[in-house]
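1. Structure for this input, please:
(chains A, B and C)
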Amino acid sequence: MNYWLFKTEPTSFSIDDLKRKKREHWDGVRNYQARNLLRDDVKKGDQVIFYHSSCNVPAAVGIAEVVKEGYPDFTAFDKNSEHPDPKSTKERPIWYMVDIAFKKKFSKPVSLHDMRTISQLHDMRLLQKGNRLSLFPISQKHFELLSELGA
DNA sequence: GCCAACGTTGGC
DNA sequence: GCCAACGTTGGC
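-> Now for the predicted structure:
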């Protein structure tokens, strides 16, 4: 089993949205590196730290689980969607997504600021300079530590 | 709103 | 294949 961190802007899709819907597709990734991870490496049963970015308090806010492995992101085919891409077609899809299910909302979100003060987290990708990927793998240790801190 | 750090695009 | 210009991400 693998562990991941997924970033989202809470104004477009938050942990509360996921809690309410119970399960949702993780669409809109339009970056090849992230696409490759979604298509090839994110597996059913993998655990996900749900992270809010571009907001007042950037923070890890909960846990989700992958319930469906990579399949074509159909929102790319729809020119009225948030992230249309006319180059991607049903016959030759470019972009992929997975489905995730809500597991837990942290009672104590772990802010980016706090993470920087925790030495065991220093080698996490999120804290490194120039990190712009919307999802990336994290170690089991990091996953467990964030889960405990968030509780 | 600013800006650093990327990724992507397109001319050559 | 190089590289400048441009667009995006995301913290602050």
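2. Please make it C-alpha for all contacts and neighbour counts, starting now.
-> OK.
3. so is the closest residue to DNA strand B within chain A in a helix, a strand, or just coil?
-> Closest residue of chain A to DNA strand B, Cα to the nearest atom of the strand: A:G130 (3.1 Å). Three-state call for A:G130 (DSSP: H, G, I helix; E, B strand; the rest coil): coil.
4. tally of neighbours for it?
-> Here the number of neighbours of A:G130 (other Cα atoms under 10 Å) works out to 8.
5. same check, this time on A:G70
-> 22.
6. OK, contacts around it?
-> Residues in contact with A:G70, defined by Cα atoms under 8 Å, 6 or more residues apart in numbering, are A:L38, A:R39, A:D40, A:V42, A:K43, A:Y96, A:M97, A:V98.
7. hang on, it in a strand?
-> Yes - the assignment for A:G70 by three-state DSSP puts it in a strand.
8. Check the spacing between it and A:K103 real quick.
-> A:G70 is 20 Å from A:K103, where distance means Cα to Cα, to the nearest Å.
9. got it, and A:S134?
-> 20 Å.
10. Show me the helices in chain A, by range?
-> Per DSSP state H, chain A carries helices over the ranges A:15-21, A:32-36, A:112-116, A:140-150.
11. can you put the ones you listed in CSV and add distance to A:E82, mean neighbour count and mean pLDDT?
-> As requested, the helices of chain A are arranged in CSV below (distance: least, Cα to Cα, whole Å; neighbours: other Cα atoms under 10 Å; pLDDT from 0 to 100):
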stretch, distance to A:E82, mean neighbour count, mean pLDDT
helix A:15-21, 17, 16, 97
helix A:32-36, 17, 16, 94
helix A:112-116, 27, 15, 96
helix A:140-150, 30, 16, 97
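12. between these, which gets nearest to DNA strand C?
-> The nearest among the helices of chain A, by Cα to the nearest atom of the strand, is helix A:112-116 at 5.7 Å.
13. can you list the residues of chain A near DNA strand C?
-> A:K7, A:T8, A:S53, A:S54, A:C55, A:P58, A:L112, A:H113, A:N131, A:R132, A:L133, A:S134 (Cα under 7 Å from any atom of the strand).
14. and the last one, how many neighbours?
-> Per other Cα under 10 Å, the neighbour tally for A:S134 reads 18.
15. Thought A:R35 was touching it, still the case?
-> No - counting by Cα atoms under 8 Å, A:S134 does not reach A:R35; the two are 9.8 Å apart.
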